[in-house]
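pasting a predicted model and its sequence here:
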Amino acid sequence: MNADDAATRLDASLHQRYASLLFWGSRLSFVFLVASFYAYLSKALPSRVAPEHLSLYWGYPLDTFLERTNTPIGWEWLRHATCGELASLTGIAILASCSAPCLLAVSCVFLRRKDRIYASLCVLQVVIMTLAASGILG
């Protein structure tokens with residue numbers, strides 16, 4: 001086996017690791033989305049806006065909708081994630097963050113290979129995504 005075959009096999013394992021984590025993360029988020037939406041519609045979770053009344057608010061501008069439904073803005077939804085209509089946001093948050101664990105797992109492989117630049121780029125991507133999601137920068 002030559003060096004090119006070994007590199008190709010290692011690259012394939014990196015792709016496989018990333019893809020496997022992404023696959024399971026996306027499946028988990030989908031299951032959470034479906035379960036939380038069902039819990040909302042079946043009224044298994046308490047809600048701020050009853051499912052049968054939600055359509056009454058659809059035509060309002062955003063600020064009016066938020067005011068009349070008392071919907072939290074920003075990361076405030078986390079405090080109310082057990083409310084039926086907000087529980088599905090947890091599934092969306094899981095889906096949106098699926099690439100972070102994938103990048104961190106691949107960065108560990110890069111570190112073992114002594115590819116510090118690639119490892120740093122992966123970690124930097126996670127830091128940038130976290131800062132963007134947090135709203136700290138604006």
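Perfect, thanks for sending it. Numbers count the residues shown, from 1 in each chain.

and the biggest helix by length in the chain, what does it pack onto?
Secondary structure assigned by DSSP state H gives helix 3-41 as the longest helix of the chain. Secondary-structure packing of helix 3-41 (3 or more CB pairs under 8 Å, 6 or more residues apart in numbering; DSSP states H and E): helix 84-96, helix 99-112. Placement of C-beta: from N, CA and C, glycine included.

among these, which comes closest to L121?
Smallest distance to L121 across the helices and strands packed on helix 3-41 (CB to CB): 8.2 Å, for helix 99-112.

what comes up buried for the very next helix or strand once past that closest one?
Of the helices and strands lying after helix 99-112 in sequence (DSSP states H and E), the nearest is helix 116-134. Within helix 116-134, the residues that count as buried by 16 or more other CB atoms under 10 Å are A119, C122, V126.

can you give me the offset of helix 116-134 from its chain's centre?
15 Å (CA atoms, centre = their mean, to the nearest Å).

quick one, it and helix 84-96 angle?
Here the directions of helix 116-134 and helix 84-96 differ by 160 degrees (axes from the mean of the first three to the mean of the last three CA atoms, to 10 degrees).

I'd like the average pLDDT over helix 116-134.
Average pLDDT, helix 116-134: 93.

now the angle from it to helix 3-41?
Our comparison of helix 116-134 with helix 3-41, counting by the same axes, to 10 degrees, yields an angle of 10 degrees.

which residues does helix 116-134 contact?
Outside helix 116-134, the residues that touch it by CB atoms under 8 Å, 6 or more residues apart in numbering are 75, 96-97, 99-100, 103-104, 106-108, 110-111, 137.

okay, it in PDB with CA atoms only?
Extracted in PDB, the C-alpha atoms of helix 116-134 (Å, rounded to 0.1, in the frame of the first residue of the first chain):
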ATOM      1  CA  ARG A 116      -3.200  21.600  13.200                       C
ATOM      2  CA  ILE A 117      -4.400  24.000  10.600                       C
ATOM      3  CA  TYR A 118      -7.400  21.900   9.600                       C
ATOM      4  CA  ALA A 119      -8.200  21.200  13.200                       C
ATOM      5  CA  SER A 120      -8.000  24.900  14.000                       C
ATOM      6  CA  LEU A 121     -10.300  25.700  11.100                       C
ATOM      7  CA  CYS A 122     -12.900  23.200  12.300                       C
ATOM      8  CA  VAL A 123     -12.800  24.500  15.900                       C
ATOM      9  CA  LEU A 124     -12.900  28.100  14.500                       C
ATOM     10  CA  GLN A 125     -16.000  27.300  12.500                       C
ATOM     11  CA  VAL A 126     -17.700  26.000  15.700                       C
ATOM     12  CA  VAL A 127     -16.700  29.100  17.600                       C
ATOM     13  CA  ILE A 128     -18.100  31.400  14.900                       C
ATOM     14  CA  MET A 129     -21.400  29.400  14.600                       C
ATOM     15  CA  THR A 130     -21.700  29.600  18.400                       C
ATOM     16  CA  LEU A 131     -21.100  33.300  18.500                       C
ATOM     17  CA  ALA A 132     -23.500  33.900  15.600                       C
ATOM     18  CA  ALA A 133     -26.200  31.900  17.300                       C
ATOM     19  CA  SER A 134     -25.700  33.500  20.700                       C
END
